[in-house]
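**Student:** how would this look folded up:
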Amino acid sequence: MTTWDQMKYGPIGEAVEASLEWSEGDPIGIYAAALSMWSAALAGRVVQSNGRPVNVWTVLVGRSKTGRKGYALATARAAVGTSISEFLAKRERKGIKSGAALVTTLFEVVQDTLAAESGVDGRVLVVEDEWASTLRTANRDATYYDQLICAWDGTALVNTTKGKNGKREEERVDDPLLGFHGHIQPARWRRLIRSEEAYGGVFNRFLPVEVDQSKRLSSRIKSPLANIKASPTLSRAYKWARSEPRVMELSDAAADRHDRYREELEDSLRDLPEELSCLIERADEHLLRIACVITAAERKTLITVRAWEAARAFVDYSMISVRRFAVETEPRGRQAPKPLPDLIRETLQRYGGEATSSVLLRALGSRANAAGVKATVEQMRDVDMVRERIGGRGAPATIYRLADPRPAAVEQPIPVPAPVRERVVKSVMPLPVRAVQSVVKPKPIKTKKEKSKKAGKSKKAGAPALAVVTGERPASGRAPARTAPPKPKTAATRSANPFLSLL
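**Tutor:** Numbers count the residues shown, from 1 in each chain. Presented below is the predicted three-dimensional model:
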């Protein structure tokens with residue numbers, strides 16, 4: 001039995017299996033895209049037993065061209081997309097590259113459905129077929145990854161913006177219903193998945209799967225995906241899931257297996273290096289979410305052992321994929337890039353406290369785009385964004401302005417030349433006590449007799465000393481007195497030194 005045979009289950013697995021004849025995409029890649037789309041469509045109605053969401057976020061990791069990532073996504077749309085076509089047409093988004101843009105997108109969807117007969121509906125599916133571009137920009141955003149974590153967990157998202165009248169307005173989404181599916185190349189995954197964010201836990205919310213071309217179809221087949229038939233079973237299951245809230249639960253046998261799985265997972269995480277374990281720490285909840293989705297496709301709320309095993313097969317394959325392209329740690333000594341708010345402040349300071357949008361973007365270069373700058377400035381308290389006519393003519397231009405362009409005053413020491421500083425220090429330093437005594441104590445005045453006596457003593461004492469140095473016998477004929485050699489230091493004298501006890 002192949003890995004694909006182990007994980008395919010229920011109506012979703014059957015729909016994907018039926019589409020394989022007409023696709024060059026990887027079967028597991030098609031299944032992963034189908035799980036993301038279908039789980040996003042069920043969001044808000046189908047929940048786990050603890051009330052948490054069932055959204056499954058998948059990422060296809062494969063080489064350009066031969067990975068057939070786009071082919072897999074297109075096949076999944078043809079296989080299961082027909083049953084949720086209305087949802088995909090209204091709620092699919094792409095190109096969200098900042099935390100503020102993510103919250104605004106979810107907030108606007110909620111606001112648009114406040115007056116709907118069916119009630120508030122905040123479901124959104126983000127599909128990033130060039131996820132590397134998003135990551136490159138998001139790595140410079142301070143809130144993007146934090147908002148993703150909250151959205152996957154189902155906790156509230158908050159974004160503060162500046163209104164037209166200058167007052168701050170709050171965009172709040174209490175129940176985010178976000179689905180996600182992305183594509184990326186293995187080399188870009190290693191380069192753009194930074195260790196700092198990976199250790200923070202954002203990337204273990206995704207299920208990356210390695211994909212490759214399954215086969216090569218004949219060029220004689222025109223529009224092969226058009227031959228894929230819609231699944232009426234999935235259409236009925238979608239209506240069943242949306243008709244009323246569905247709470248999914250594990251059977252007793254499945255619950256026992258899940259408990260053993262959690263214990264084995266936690267034991268293995270302690271033995272794995274952190275750069276690998278940080279990417280698979282939520283494998284147990286991923287397993288539950290997939291089991292909930294494929295069971296709901298059967299129009300059931302009780303998760304069986306067979307459904308649990310199929311979900312585990314998919315998660316295990318994702319964990320194997322992660323080992324192949326685990327996060328690449330950043331080289332030592334590499335300076336982390338400055339956050340975008342700091343770059344904006346420095347640029348505005350350089351231009352005297354304000355700059356037009358075009359001037360600011362030109363100075364920032366590839367480090368930011370217009371949407372990213374606008375979203376970041378809306379979160380900054382010390383930068384204002386206004387629309388004014390330059391010189392009183394032409395169309396209004398967007399101007400970014402520091403609230404207080406003057407830099408904070410910092411006291412600088414007065415420069416003093418080195419020789420002068422030396423003289424100043426010497427004049428201020430107090431003299432030693434002996435030096436003070438020698439200066440203050442008056443020198444005694446000697447008489448002529450005292451001077452002559454001292455001179456005579458020095459002459460007498462000088463002769464023997466000279467004889468000892470030169471080895472000559474003194475004039476008196478006596479040998480110079482032998483001086484005793486210095487006594488060696490004993491253990492008693494050595495221990496008397498308090499510093500030696502420290503050595």
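**Student:** Can you give me the first-to-last residue distance of stretch 162-176?
**Tutor:** Its first and final residues considered, stretch 162-176 spans 22 Å by C-alpha to C-alpha, to the nearest Å.
**Student:** Need the contact partners of it.
**Tutor:** The contact list for stretch 162-176, computed with C-beta atoms under 8 Å, 6 or more residues apart in numbering, reads 44, 103-104, 106-107, 110, 122, 150-151, 154-161, 378, 384-385. (C-beta placed from N, C-alpha, C; glycine too.)
**Student:** Helices along the stretch 151-300 of the chain, start to end?
**Tutor:** Using DSSP state H, counting those that start in this stretch, the helices of the stretch 151-300 of the chain run over 186-192, 195-200, 232-243, 252-271, 274-277, 283-296.
**Student:** Of those helices, flag the one that's most buried.
**Tutor:** Neighbour counts (mean count of other C-beta atoms under 10 Å) averaged over each of those peak at helix 283-296, with a mean of 25.
**Student:** The stretch 51-200 of the chain: strands as residue ranges?
**Tutor:** For the stretch 51-200 of the chain, applying DSSP state E, counting those that start in this stretch gives strands covering 58-61, 92-93, 123-128, 157-162, 168-173, 177-184.
**Student:** Name the strands paired with the second one and say parallel or antiparallel.
**Tutor:** When you say that, I think you mean strand 92-93. Partners of strand 92-93 in the sheet, by DSSP bridges, are strand 123-128 (parallel).
**Student:** got the angle between the partner strand and strand 168-173?
**Tutor:** In terms of direction (axes from the mean of the first three to the mean of the last three C-alpha atoms, to 10 degrees), strand 123-128 departs from strand 168-173 by 90 degrees.
**Student:** Could you tell me the angle between strand 123-128 and strand 177-184?
**Tutor:** Counting by the same axes, to 10 degrees, strand 123-128 lies at 10 degrees to strand 177-184.
**Student:** what sits up against strand 123-128?
**Tutor:** Residues contacting strand 123-128 (C-beta under 8 Å, 6+ apart): 36-37, 40-41, 43-44, 73, 87-88, 91-96, 105-106, 109, 134, 177-183.
**Student:** Kindly report the same for stretch 69-86.
**Tutor:** The contact list for stretch 69-86 (C-beta under 8 Å, 6+ apart) reads 12, 15-16, 18-19, 22-26, 29-34, 37-38, 41, 60, 62, 88, 127, 129, 181, 183, 211, 225-226, 228, 230-231, 234-235, 237-238.
**Student:** what about Glu244, how many neighbours?
**Tutor:** Residues contacting Glu244 under the criterion other C-beta atoms under 10 Å number 7.
**Student:** Who's the closest spatial neighbour of it, skipping the chain neighbours?
**Tutor:** Arg45 (7.4 Å; C-beta to C-beta, 6 or more residues apart in numbering).
**Student:** go on, Gly122?
**Tutor:** Closest residue to Gly122 apart from its sequence neighbours, by C-beta to C-beta, 6+ apart: Val110 at 4.3 Å.
**Student:** Now do the same for that neighbour: its pLDDT.
**Tutor:** Note on Val110: pLDDT of 95.
**Student:** circling back: mark which of the contacts of stretch 69-86 are buried, thanks.
**Tutor:** In those, burial by neighbour count holds for 12, 15-16, 19, 22-26, 29-34, 37-38, 41, 60, 62, 88, 127, 181, 183, 211, 225, 228, 231, 234-235, 237-238, counting by 16 or more other C-beta atoms under 10 Å.
**Student:** the inter-axis angle of the one helix or strand Asp384 maps to versus strand 157-162?
**Tutor:** Asp384 is part of strand 383-388 when elements are defined by DSSP states H and E. Strand 383-388 runs at 50 degrees relative to strand 157-162, counting by the same axes, to 10 degrees.
**Student:** in whichever helix or strand comes after strand 383-388, what's buried?
**Tutor:** Reading on from strand 383-388 to the C-terminus, the next helix or strand found by DSSP H and E is strand 397-402. Neighbour-count burial for strand 397-402, counted by 16+ other C-beta under 10 Å, picks out 398-402.
**Student:** who touches strand 397-402?
**Tutor:** Outside strand 397-402, the residues that reach it (C-beta under 8 Å, 6+ apart) are 344-345, 348-349, 353-358, 360, 373, 377, 382-390.
**Student:** now with 10 Å?
**Tutor:** Applying C-beta atoms under 10 Å, 6 or more residues apart in numbering, the contact partners of strand 397-402 are 344-345, 347-349, 351-360, 370, 373-374, 377, 380, 382-390.
**Student:** Just the buried ones from those?
**Tutor:** Buried members of the contacts of strand 397-402, counted by 16+ other C-beta under 10 Å: 344-345, 347-348, 354-355, 357, 359-360, 373-374, 377, 380, 383, 385.
**Student:** now, which of these lie within helices?
**Tutor:** Within those, residues falling in helices by DSSP state H are 344-345, 347-348, 357, 359-360, 373-374, 377.
**Student:** Throw the strands of the stretch 51-200 of the chain into TSV and include mean pLDDT, thanks.
**Tutor:** Below are the strands of the stretch 51-200 of the chain laid out as TSV (pLDDT from 0 to 100):
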stretch	mean pLDDT
strand 58-61	97
strand 92-93	96
strand 123-128	97
strand 157-162	86
strand 168-173	89
strand 177-184	97
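**Student:** any weak-confidence spans in the stretch 101-250 of the chain?
**Tutor:** 163-164, 166 (pLDDT under 70).
**Student:** most centrally placed residue in the chain?
**Tutor:** Most central in the chain under C-alpha atoms, centre = their mean is Glu197, positioned 2.2 Å from the mean C-alpha point.
**Student:** distance of that residue from Leu272?
**Tutor:** For Glu197, the distance to Leu272 (C-beta to C-beta, to the nearest Å) stands at 19 Å.
**Student:** Show the buried residues in the contacts of strand 123-128.
**Tutor:** By neighbour count, with 16+ other C-beta under 10 Å, the contacts of strand 123-128 hold 36-37, 40-41, 43-44, 73, 87-88, 91, 93, 96, 105-106, 109, 134, 177-183 as buried.
**Student:** re earlier: nearest residue to the residue nearest to the centre of the chain in space, please, no chain neighbours.
**Tutor:** Of all residues not flanking Glu197 in the chain, Tyr145 sits nearest, at 5.2 Å (C-beta to C-beta, 6+ apart).
**Student:** Correct me if wrong: Ile184 contacts Ala132.
**Tutor:** Yes: counting by C-beta atoms under 10 Å, Ala132 is a contact partner of Ile184 at 5.3 Å.
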